[in-house]
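# have a look; sequence and predicted model below, questions after that.
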Amino acid sequence: MVFSSLIFLFWFLPIFFGIYYLCPNRFRNIVLFLGSMFFYAWGEPKYLILIVVSILANYVAGILIHRFDDRPGIRKVCLITILMFDIGLLAIFKYTDFILENCNWILKTDFNATNIVLPLGISFYTFQIMSYVIDLYRREIPVEKSILRLGVYLTMFPQLIAGPIVVYSKVAQQLEERKCSVKDFEDGLKIFILGLGSKVLIANNIGVLWDDLAAIGYVNLSMPLAWLGVLAFSLQIYFDFNGYSLMAIGLGKMLGFSIPQNFDYPYIAKSITEFWRRWHMTLSGWFREYLYVPLGGNRRGKIRTYVNMFIVWSITGLWHGASWNFIVWGIFFFVLLVIERVGFGKWLASHAIFARVYTLLCIGVSWMIFALTNLVELKTYLSKLFGFHFIMEGINGDVIYYYLRNYGFVLIFGMILSTPILKGWYDRNKSKVAGICALIFILLASIAYLVDASYNPFLYFRF
């Protein structure tokens, strides 16, 4: 079940919130847990057992880490064991075929692919539960003695499938006791509608353009049409993921939870370093807190810093998918970040126009590396981007004018909404007639689209 579906909007939400608000506060965690399990089971009931096992295993590990507080050796064994268990589950379901494929390629073996279906959200909820046991081991949080509260933390449906990644310390108090005010519900509903509109009205429409270019064939693209594809995918993935994150934040607020912000207008960044402070901020923060800093961060000299960065960005790429293009994607950002770190970043800071152009171009190229899992297709597409093939006749001439005519408005509107140009107006008017009318229009237009259209993907489901 996805947020941008009629079943979720008109069946799940009304029934769930009706039960949630009618029941006494002491029963709301039970309702939220059962509702979240139903939400997940709707799409993949066979993998519900994985979440249950993860809850039980990490709950027991947390109790043991707490119980042996004065036995550092046993505490460390408990931590290592549960982390190996969590990472092992993720590796089995996400990377088994990738490993077998590369064994066949490198070692000339003949392993058959397992064709294991990737469980929805496993990358997100694995990182989330790992943060709990790591913080507990560090003595930064108290042990969670209620398995129900730990279960709610891991399975809470607003962020179960695709984040944002919520660390336990940020919601521990809310898991125990929270207030659901009318004001919070209203604010959450407004955020949810903005996210729904971003996903349905912008990402879905632009996504059709990107898919059509694949149907044309990358080898047939001219340079202008290839760059139009870069723009289309860049906007699609931003409004797709940011829209889903906004819906998660809004739903969390309606439930009485504060789910952290995940995006902060990343396309206005003036460097790749700044971009990653604004894009998927909860993931960046997780890798910094639980991998980069434990490796030593930048405290052990330049060479060790670059080694740590390489490790972090290679794993960041691999986390996004079991394919070499994702590893290349991570290393691509590593190279850019190192270049900025050794001095280029300071130069960019004093050349704002060039900095913005450079950042957008690098991000656009990175999205092609991200989108095209087939390295041959990736090479073809990159050759079209930089091949200076400007022929605008035949298929490319007709197609580019068609797409500019039919998608020009949504592309321009998407570019505008990628910046904070309209944020001030919305903040001033969101509780006034103009703002409320805008939200109602977005909601009705989104519903109309969902009723009429069949194209409704979510890119991050496969991660």
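Noted; the coordinates are in hand. As the structure is a prediction and not an experimental result, all values here were calculated from the model.

# okay, domains of the chain per the record?
6-177, 184-462 (automatic domain parsing).

# what about the first one, average pLDDT?
Just to be clear, that refers to domain 6-177. Averaging pLDDT along domain 6-177 gives 92.

# for residue 229, which non-adjacent residue is closest in space?
The shortest distance from residue 229 to any non-neighbouring residue, by Cβ to Cβ, 6 or more residues apart in numbering, is to residue 213 (4.5 Å). The C-beta positions use only the backbone N, C-alpha and C, and glycine is treated the same way.

# how close does the one you found sit to residue 232?
Counting by Cβ to Cβ, to the nearest Å, the gap from residue 213 to residue 232 is 7 Å.

# how long is stretch 293-306 from one end to the other?
Length of stretch 293-306, first residue to last, Cα to Cα, to the nearest Å: 13 Å.

# in that stretch, what counts as buried?
305, 306 (16 or more other Cβ atoms under 10 Å).

# so what touches it?
Here stretch 293-306 makes contact (Cβ atoms under 8 Å, 6 or more residues apart in numbering) with 308, 311, 312, 338.

# same question for it, mean pLDDT?
Per-residue scores along stretch 293-306 average to 90.

# was I right about residue 227 contacting residue 382?
No - here residue 227 does not reach residue 382: they are 11.6 Å apart, not a contact under Cβ atoms under 8 Å.

# coming back round to it: okay, residue 213 and residue 232: which has more neighbours?
It is residue 232, of residue 213 and residue 232, that has more neighbours when counted by other Cβ atoms under 10 Å, with 25 against 21.

# mind checking pLDDT for that one?
So residue 232 comes in at 95 (pLDDT).

# okay but it is in contact with residue 214, surely?
No - contact between residue 232 and residue 214 fails when scored by Cβ under 8 Å: they sit 10.9 Å apart.

# ranking the contacts of stretch 293-306 by neighbours, who comes first?
residue 312 (22 neighbours).

# residue contacts, it?
By Cβ under 8 Å, 6+ apart, residue 312 lies in contact with 287, 288, 291, 292, 295.

# go again using 7 Å as the cut-off
287, 291, 292 (Cβ atoms under 7 Å, 6 or more residues apart in numbering).

# can you count the residues close to residue 238?
Residues within reach of residue 238, counting by other Cβ under 10 Å, total 24.

# hang on, it packs against residue 418?
Yes - if you go by Cβ atoms under 7 Å, residue 238 and residue 418 touch, sitting 6.4 Å apart.

# overlap in contacts, these two.
What both residue 238 and residue 418 touch, as defined by Cβ under 7 Å, 6+ apart, is the set residue 267.

# can you tell me how far the nearest residue to residue 315 once chain neighbours are set aside is from residue 132?
Closest residue to residue 315 apart from its sequence neighbours, by Cβ to Cβ, 6+ apart: residue 291 at 6.9 Å. Residue 291 sits 16 Å away from residue 132, going by Cβ to Cβ.

# quick one: which of those two has more around it?
More neighbours surround residue 132 than the other of residue 291 and residue 132, with 24 against 15 (other Cβ under 10 Å).
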